[in-house]
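**Q** Starting from these lines, generate the structure:
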Amino acid sequence: MSLQAALQAVAFLIVATVLEVSGDAIVRIALHNHAGLTAARIGLFVLGAALVFGYSTFLNLAPLEFGEVVGLYIATLFIVWQIVTFVFFRTLPTMPILAGGALIVAGGAIVSFWRP
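**A** Purely as a prediction, here's the structure:
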């Protein structure tokens, strides 16, 4: 894979993960921070659903084979998830999360880039 193709694939995966994690966070806010069936709550659910749909679209547009996308996607997802968790909920990852995350990122790199 050329450098340009790799950078393009990473760009698609970053957009996909930002959309997915943001959509999940917005749905979580709608579930836990609003009571009843208010316009704000419905709007948050619709926005979250649209973001998750965008994630699926971008993930499947990435110029990689599906099996290769999964490894790199999971690694990217872990990193973006921690960033969005901090931005939305002001929560820093604990040491076990960082240690496990290092394994997730290493595993994603192996699945995506190791050529037998």
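**Q** how about whatever helix or strand residue 7 lives in: buried residues?
**A** Per DSSP states H and E, residue 7 falls inside helix 3-32. By 16 or more other Cβ atoms under 10 Å, the buried positions in helix 3-32 come out as 9, 12-13, 15-27, 29-30. C-beta coordinates here come from the backbone N, C-alpha and C atoms, glycine included.
**Q** For the next helix-or-strand element following it, enumerate the helices and strands it packs against.
**A** Sequence-wise, the next helix or strand downstream of helix 3-32 (DSSP H and E) is helix 39-61. If contacts are counted by 3 or more Cβ pairs under 8 Å, 6 or more residues apart in numbering; DSSP states H and E, helix 39-61 sits against helix 3-32.
**Q** Next, the angle from the helix it packs on to helix 39-61.
**A** 160 degrees (axes from the mean of the first three to the mean of the last three Cα atoms, to 10 degrees).
**Q** so where's this protein shaky on pLDDT?
**A** Where the chain drops to pLDDT under 70, the residues are 1, 68.
**Q** got the phi/psi numbers for the closest residue to residue 40 other than its chain neighbours?
**A** Among residues not flanking residue 40 along the chain, residue 34 sits closest, at 5.9 Å (Cβ to Cβ, 6 or more residues apart in numbering). Reported as degrees, to the nearest 10, the phi and psi values for residue 34 are phi -130, psi 140.
**Q** cool, and residue 90?
**A** phi 50, psi 40.
**Q** got the contact list for it?
**A** Residues counted as contacts of residue 90 (Cβ atoms under 8 Å, 6 or more residues apart in numbering): none.
**Q** The residue nearest the centre of the chain and residue 92: what is the separation?
**A** For the chain, the residue nearest the mean C-alpha position is residue 17 (2.6 Å; Cα atoms, centre = their mean). Plainly put, residue 17 is 19 Å away from residue 92 if you go by Cβ to Cβ, to the nearest Å.
**Q** residues near residue 63, how many?
**A** The local packing of residue 63 (other Cβ atoms under 10 Å) involves 12 other residues.
**Q** Look up how far residue 90 lies from it.
**A** 36 Å.
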